[in-house]
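Enquirer: sequence first, predicted model second:
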Amino acid sequence: MITQPAGSVMERSTGNLLEVHDLTKHFAVRGGLLGTKAAVRAVDGVSLNVKPGETVGLVGESGCGKTTFGRMLVGLIEPTAGQILFEGRDITKRRSKRDRQDIQIIFQDPYSSLNPRHTVGKIVAMPMVVNGINPPGGVRKRVQELLELVGLNPEHYNRFPHEFSGGQRQRIGVARALALKPKLIVADEPVSALDVSIQAQVINLLRELQREMDLAFVFIAHDLSVVRHFCERVGVMYLGKLVEVGTREQIYGNPAHPYTRALLSAVPDATKIGESVGRIRLQGDVPTPLNPPSGCRFRTRCWKAQELCAQQEPPLSLKSNGTIAACHFPEDGTLIA
Amino acid sequence: MTTQTSSAEPYLKVNDLRVRFKTEDGVVKAVDGVSFSVSRGRTLGIVGESGSGKSVTSLTVMGLHNPGRTEITGEILVGGRNVVGMLDEDVRKLRGNDVAMIFQDPLSALHPFYKIGKQIVGAYMVHHPGASKATAKKRAIEMLDRVGIPEPMRRFDQFPHEFSGGMRQRAMIAMALVNDPKLLIADEPTTALDVTVQAQILDLLNDLQKEFNSAIIMITHDLGVISQIADEVLVMYAGRVAEHGSVEQIMREPQHPYTWGLLESIPSLHGDPTADLKPIRGNPPSLINVPSGCAFHPRCPYRMMNPGPCDVEVPQLLRVREAGHQVSCHIPEERRRTIYRDEVSEVGVAQ
């Protein structure tokens, strides 16, 4: 599932659609007294593979680097180091037109991600126009097909984004992402700006499209229950690092990393009334990525942390519960639901 | 109006509140006949989607509406005094002292130009004109400490931008509680926060309520938050109350199709992850043009029409068998119980 950072780079494709090795992004900022240069270590060596048609979720608190990671996959941010392989081709520095078309993104905010001065038809057609693609039957016909596919009325071709509700706008964003028949879609918080009753509509739409078109997804979200309903495999990020990867059943049923357990137990559970028992409470906030803690980055908030955790960074390795996790003192035991 | 199980006289009583805004497009009926009450030491959760009138209800209680554009009828009794029609000056004395509010976004609710300490001291001095600056400062530091801000002395002299999101929300809670309010209104206080910080803030609110014995109104769209913190729940839809009851009644035996829809559509940490979610069809209505009859009828899978009553007559909020549980729905109670047991209780969060 996950490749060890070094050495394995030379191994050629093992049926993976996407292979990410040790991807890193440091943003330079000016800090300190004398304006010395510092770096925000937004993503710090993340490796992840995605198979064709697979849905992989990325969860973590704000500032953990999940959005930066997603944007690097699409090519919106240039990585500082590391490698991205798409179908075995290195697309880290430059990517062909075909590769660009094959990886698309759905944004979080359906209000700011659609140009208010363009009609829906123009917005959805734009990827085809930019790429000089003339689908059989013409662009207009294809756009109307796409609108129908995402559950919008094709007649609304000439309307503007403000005439649609939040859920419908997100559908427009989905149609645009599908316009070039991509193989991989990076969905960055696609439902978090929507009302609860609308969230379910969009999640169902994405699931249906994923199944029908055999799309691979990297699904970035902070809502753990949404990710559980969409992704077969889940990665948990903390302060720019991947701390645990496993199947849905492993991550939600028996995770090894204390952080994963803490995250899960912090989700307010609508099936339990009143204060729930045995919840893990994390103290404080996520430390700054300007100067992350030594050793294990989670140790400052971890209730199991010991000497070793401050001295040595735990490597990602296979744990007894079946997940790959970075922890010196992993947990094993089914979560009590 | 509302039946109240608590023994004490409710601190806040809202009777048949109606709020209308005049806009260029027409009259927005933001709140349309809402009644509820909250006693000290109790938490009322108000659930609803955007545009359901939940925030307008709370802003009206605080007197934070634009009087030129707003038309308010009904009664809002805070500790026995009616806020509707009260002089601005009197409302100002009430606000921040007896009634305080926490907002969703602490970054825009705190003034970026003033130090946190100064803002809290300000909130204290306004309602304690005789107090010395030293007393106010001591009180502010005490509050910062009480809401779990480490090194309150140092934090007192920092600006909002030097605080993290969770710390800002704590500072805002400290400011809201500095005058020991009897009613605290929290409008989506944790929506902008991460889950781990959200859990901390909800715990804090629970502890503080025990300590100060305040009444709390918690406005949220998250039924998980509701079930953790609320004693009573008001479900709002299109400016009206769809259902009102204890948290057990709403979460375990809901009787309104809209509440069912909410419970069914939320993805959960339990149950079959591969099953499709069951969304509520359609979109929330515009408050300028509320559907006739029951506002939920265009989206309701169990509506009764041809001939009405669902699309013709607005259903009244009526008591059901259990005390304290009220539902506004035309479907007969027995049928609602059958539908819930047979069709709804197996899906999603409902169980």
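Expert: Done, it's in.

Enquirer: okay, CA-based contacts and neighbour counts for the rest of this
Expert: OK.

Enquirer: let me see the contact set for residue A:188.
Expert: For residue A:188, the contacting residues are A:67, A:70, A:105-108, A:219-221, by C-alpha atoms under 8 Å, 6 or more residues apart in numbering or on different chains.

Enquirer: please name the nearest non-neighbouring residue to it.
Expert: Of all residues not flanking residue A:188 in the chain, residue A:220 sits nearest, at 4.8 Å (C-alpha to C-alpha, 6 or more residues apart in numbering or on different chains).

Enquirer: got it, and residue B:158?
Expert: Per C-alpha to C-alpha, 6+ apart, closest to residue B:158 is residue B:115, 5.3 Å.

Enquirer: count the neighbours of that neighbour for me.
Expert: For residue B:115, the count of nearby residues is 18 (other C-alpha atoms under 10 Å in any protein chain shown).

Enquirer: need phi/psi at it.
Expert: Reported as degrees, to the nearest 10, the phi and psi values for residue B:115 are phi -70, psi 150.

Enquirer: can you list the residues of the stretch 101-250 of chain A near chain B?
Expert: A:165, A:195-201, A:203-204, A:222, A:224-226, A:228-230 (C-alpha under 8 Å from any C-alpha of the partner chain).

Enquirer: derive a ChimeraX selection command for the buried subset of those.
Expert: The following ChimeraX line selects those of these that are buried, judged by 16 or more other C-alpha atoms under 10 Å in any protein chain shown:
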select /A:165,195,196,197,198,199,200,201,203,204,222,224,225,226,228,229,230
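
Enquirer: ok, back up a step: what's the spacing between the residue nearest to residue A:188 and chain B?
Expert: Distance of residue A:220 to chain B, given as C-alpha to the nearest C-alpha, to the nearest Å: 14 Å.

Enquirer: where does that residue land on pLDDT?
Expert: On the pLDDT scale, residue A:220 is placed at 94.

Enquirer: so what's it bridging to?
Expert: Using DSSP bridges, the bridge partners assigned to residue A:220 are residue A:58, residue A:188.

Enquirer: what's the neighbour count on it?
Expert: Around residue A:220 there are 24 residues (other C-alpha under 10 Å).

Enquirer: follow-up on the earlier one: contacts only, for the residue nearest to residue B:158.
Expert: Taking C-alpha under 8 Å, 6+ apart as the contact definition, residue B:115 lies against B:156-160.

Enquirer: between the residues you listed, which is nearest residue A:143?
Expert: Ranked by distance to residue A:143 (C-alpha to C-alpha), the contacts of residue B:115 are led by residue B:160 at 46.8 Å.

Enquirer: quick check: that closest one touching residue B:107?
Expert: Yes. Using C-alpha atoms under 8 Å, residue B:160 is in contact with residue B:107, at 7.1 Å.

Enquirer: which of the contacts of residue B:115 are buried?
Expert: Those of the contacts of residue B:115 that meet the buried threshold are B:156, B:158-160, by 16+ other C-alpha under 10 Å.

Enquirer: quick one on the thing from earlier: and the two most separated of the contacts of residue A:188?
Expert: A:105 and A:221 (13.6 Å).

Enquirer: backbone dihedrals for the one residue in the stretch 1-150 of chain B that gets nearest to chain A, both of them.
Expert: Chain A sits closest to residue B:49 of the stretch 1-150 of chain B, with a gap of 6.0 Å, by C-alpha to the nearest C-alpha. Main-chain dihedrals, residue B:49, degrees, to the nearest 10: phi -80, psi 180.

Enquirer: which stretches of the chain form strands?
Expert: Using chain A here. Counting by DSSP state E, one finds strands in chain A at the ranges A:18-31, A:36-50, A:55-59, A:81-86, A:89-90, A:103-106, A:184-188, A:216-220, A:233-238, A:241-247, A:317-318, A:324-325.

Enquirer: oops, wrong one, chain B.
Expert: Secondary structure of chain B by DSSP E: the strands cover B:12-23, B:26-38, B:43-47, B:70-78, B:81-82, B:99-102, B:183-187, B:215-220, B:232-237, B:240-246, B:318-319, B:326-327.

Enquirer: closest one to residue A:293 among the ones you listed?
Expert: Using C-alpha to C-alpha, those put strand B:99-102 closest to residue A:293, at 32.8 Å.
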